[in-house]
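1. kindly return the folded structure for what I paste below:
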Amino acid sequence: MFVDTHAHLTDKMYGDNVEEVVNKANQSGVEKIITSSVNIENAKDCVNLTKIYSNVYSSIGIYPEYIYDWNREQCDTLIRLAQDKKVVAIGEIGLQFTADMPDKEGQKEVLVKQMQIAYELRKPMVFHCREAYGAILEIFQKNRQLLKYGGTMHCFNGSKEIAKELLKMGLYISVGGVSTFKNANSLKETLKQIPNENILFETDSPYLTPHPYRGQINMPSFLPTIAQNLSILKDIDVEDLSKLVRENTRRLFGI
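-> Residues are numbered from 1 along each chain as shown. Next up, the predicted model:
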């Protein structure tokens with residue numbers, strides 16, 4: 001059985017079909033789903049969704065794009081929501097240094113604030129990073145004590161060197177649909193080197209649909225395809241790999 005450790009079930013692409021999405025996932029062997037937020041209002045929706053579906057959990061946090069709205073009230077709301085028993089992590093949080101994002105220093109400040117919240121609540125974190133690995137590694141190094149309860153780099157697409165640094169800090173590497181892309185040769189070589197004990201599975205659905213479903217809305221039910229692809233890359237039976245990854249998930253998120 002699998003756990004999709006990072007999905008966005010509240011995304012508008014799913015509309016009123018969330019129940020169908022969750023049921024299809026279960027039928028495909030995906031026993032649990034962690035739905036992730038991008039802002040405070042979305043965090044409320046994620047927590048509410050966990051009340052409806054017994055096999056849905058949530059990670060809540062402020063994604064870099066939405067830090068413009070960060071203030072004391074939002075911080076307090078995040079802390080309050082995160083104390084729900086089905087909120088298993090703070091995330092997705094992180095850095096994205098593409099041209100259309102808020103200023104870099106602001107992103108760094110909000111990231112550290114949310115890391116502090118996770119530490120105080122004794123929760124792991126789900127990190128997002130795009131074109132900012134140098135900066136996020138520096139933050140991790142300066143605030144290593146805040147990583148005490150662990151975390152994962154979601155949808156990892158970095159180099160072998162970056163992966164090594166993340167592993168040194170005790171973080172997990174989350175493998176998603178990008179790992180199945182035909183042009184992802186560098187990532188595939190990197191994933192071969194990552195110990196099985198440090199891997200998680202995710203879909204990031206409805207985004208980053210794995211091959212051979214490209215062109216469709218991504219679904220948690222596609223997770224076994226990601227697992228099968230990684231088992232081939234690592235030359236290990238998919239059932240054996242899945243058992244290891246399932247234990248990793250339980251160890252980090254407690255589910």
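
2. what ranges do the helices span in this structure?
-> 18-27, 40-52, 72-82, 104-121, 133-142, 160-168, 185-193, 223-234, 238-253 (DSSP state H).

3. quick one: closest of those to Phe2.
-> helix 223-234 (5.0 Å; Cβ to Cβ). (Glycine included, C-beta is placed from N, CA and C.)

4. and that closest one, what's buried?
-> Leu223, Pro224, Thr225, Ile226, Ala227, Asn229, Leu230, Ser231, Leu233, Lys234 (16 or more other Cβ atoms under 10 Å).

5. average pLDDT across it?
-> The average pLDDT for helix 223-234 rounds to 98.

6. packing partners for it?
-> Secondary-structure packing of helix 223-234 (3 or more Cβ pairs under 8 Å, 6 or more residues apart in numbering; DSSP states H and E): strand 2-7, helix 185-193, strand 199-201, helix 238-253.

7. can we see that at 6 Å?
-> Helices and strands touching helix 223-234, by 3 or more Cβ pairs under 6 Å, 6 or more residues apart in numbering; DSSP states H and E, are helix 185-193, strand 199-201, helix 238-253.

8. quick one: closest of the helices of the chain to Ile34.
-> helix 238-253 (6.9 Å).

9. C-alpha coordinates for that closest one, PDB please?
-> In PDB, the C-alpha atoms belonging to helix 238-253 read as follows (Å, rounded to 0.1, in the frame of the first residue of the first chain):
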ATOM      1  CA  VAL A 238       8.400  -2.700  -6.500                       C
ATOM      2  CA  GLU A 239       6.700  -4.400  -3.500                       C
ATOM      3  CA  ASP A 240       9.900  -4.400  -1.500                       C
ATOM      4  CA  LEU A 241      10.600  -0.700  -2.300                       C
ATOM      5  CA  SER A 242       7.100   0.300  -1.500                       C
ATOM      6  CA  LYS A 243       7.300  -1.400   1.900                       C
ATOM      7  CA  LEU A 244      10.400   0.500   2.700                       C
ATOM      8  CA  VAL A 245       8.900   3.800   1.500                       C
ATOM      9  CA  ARG A 246       5.700   3.100   3.500                       C
ATOM     10  CA  GLU A 247       7.800   2.700   6.600                       C
ATOM     11  CA  ASN A 248       9.700   6.000   5.800                       C
ATOM     12  CA  THR A 249       6.300   7.700   5.600                       C
ATOM     13  CA  ARG A 250       5.200   6.400   8.900                       C
ATOM     14  CA  ARG A 251       8.500   7.400  10.500                       C
ATOM     15  CA  LEU A 252       8.300  11.000   9.400                       C
ATOM     16  CA  PHE A 253       4.600  11.800   9.500                       C
END
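
10. which neighbouring elements make contact with it?
-> strand 199-201, helix 223-234.

11. return the distance of the longest one from the chain's centre.
-> Averaging C-alpha positions (Cα atoms, centre = their mean, to the nearest Å) puts helix 223-234 17 Å from its chain's average.

12. if we look at it, which residues are touching it?
-> 2, 4, 28-30, 175, 180, 188, 191-192, 201, 203, 210, 238, 241-242 (Cβ atoms under 6 Å, 6 or more residues apart in numbering).
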